[in-house]
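Asks: Model the following, please.
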Amino acid sequence: MARPDAVRRVKSYSAASGFVYQYYFFEVLPARRTGKEGREYTYMVSADRRSVFPLKIFVEKDALGASTRRTRRGLTGTEEYAVAKLRLFQAFDELNAPLDAGGAASIDLRVDQANLDGFLQQLDL
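Replies: Numbers count the residues shown, from 1 in each chain. Here you go, the predicted model:
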């Protein structure tokens with residue numbers, strides 16, 4: 001028997017750009033991008049409430065490792081999810097036009113050593 005789809009809680013985000021996005025968390029999977037290992041968080045996103053498309057955030061394992069060595073404390077799964085979600089919000093805020101499926105497929109959203117510390121400060125970690 002097929003597993004029924006999980007009930008998803010659709011949330012809204014009013015971006016700094018003035019656009020309002022609806023999104024929900026879909027899944028997290030181990031992934032590899034440009035030779036780097038990490039986890040890929042997939043969110044289903046809509047800018048028009050009619051069409052929904054996946055938007056993927058890649059959290060680099062190396063960035064998390066560097067943070068762990070520096071702070072002597074690893075991130076919990078919930079904290080890592082929060083970092084990915086902050087990257088999602090940052091992407092929404094930076095866009096000058098509403099995101100669509102074609103645009104989502106072409107952008108590379110990641111949490112790496114360059115932006116992880118800023119997200120951790122926002123989370124007061």
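
Asks: When you work out contacts or count neighbours from here on, use the C-alpha atoms and nothing else.
Replies: Will do.

Asks: so the residue nearest to Arg9 when sequence neighbours are not counted, which of the three states?
Replies: Spatially, and ignoring its direct neighbours in sequence, Arg9 is nearest to Tyr24 (6.2 Å; Cα to Cα, 6 or more residues apart in numbering). When classified by DSSP: H, G, I helix; E, B strand; the rest coil, Tyr24 comes out as strand.

Asks: quick one: Tyr24 and Tyr41 touch, right?
Replies: No. Taking Cα atoms under 8 Å as the definition, Tyr24 is not a contact partner of Tyr41, at 10.9 Å.

Asks: the more surrounded of these two?
Replies: Neighbour count, other Cα atoms under 10 Å: between Tyr24 and Tyr41, Tyr41 has more, with 24 against 16.

Asks: Okay, now the unreliable bits of the protein?
Replies: Low-confidence segments of the chain (pLDDT under 70): 1-4.

Asks: any idea which helix is longest in it?
Replies: With secondary structure taken from DSSP state H, the chain has its longest helix at helix 77-94.

Asks: For this structure, which segments are assigned as helices?
Replies: Using DSSP H, the helices of the chain run over residues 61-71, 77-94, 101-106, 116-122.

Asks: Can you list the buried residues in the last one?
Replies: This means helix 116-122. Leu116, Asp117, Phe119, Leu120 (16 or more other Cα atoms under 10 Å).

Asks: ok, the second one to Ala15 distance?
Replies: Read it as Asp117. Plainly put, Asp117 is 22 Å away from Ala15 if you go by Cα to Cα, to the nearest Å.

Asks: who touches stretch 14-28?
Replies: The contact list for stretch 14-28 (Cα atoms under 8 Å, 6 or more residues apart in numbering) reads 8-13, 39-49, 89, 92-98.
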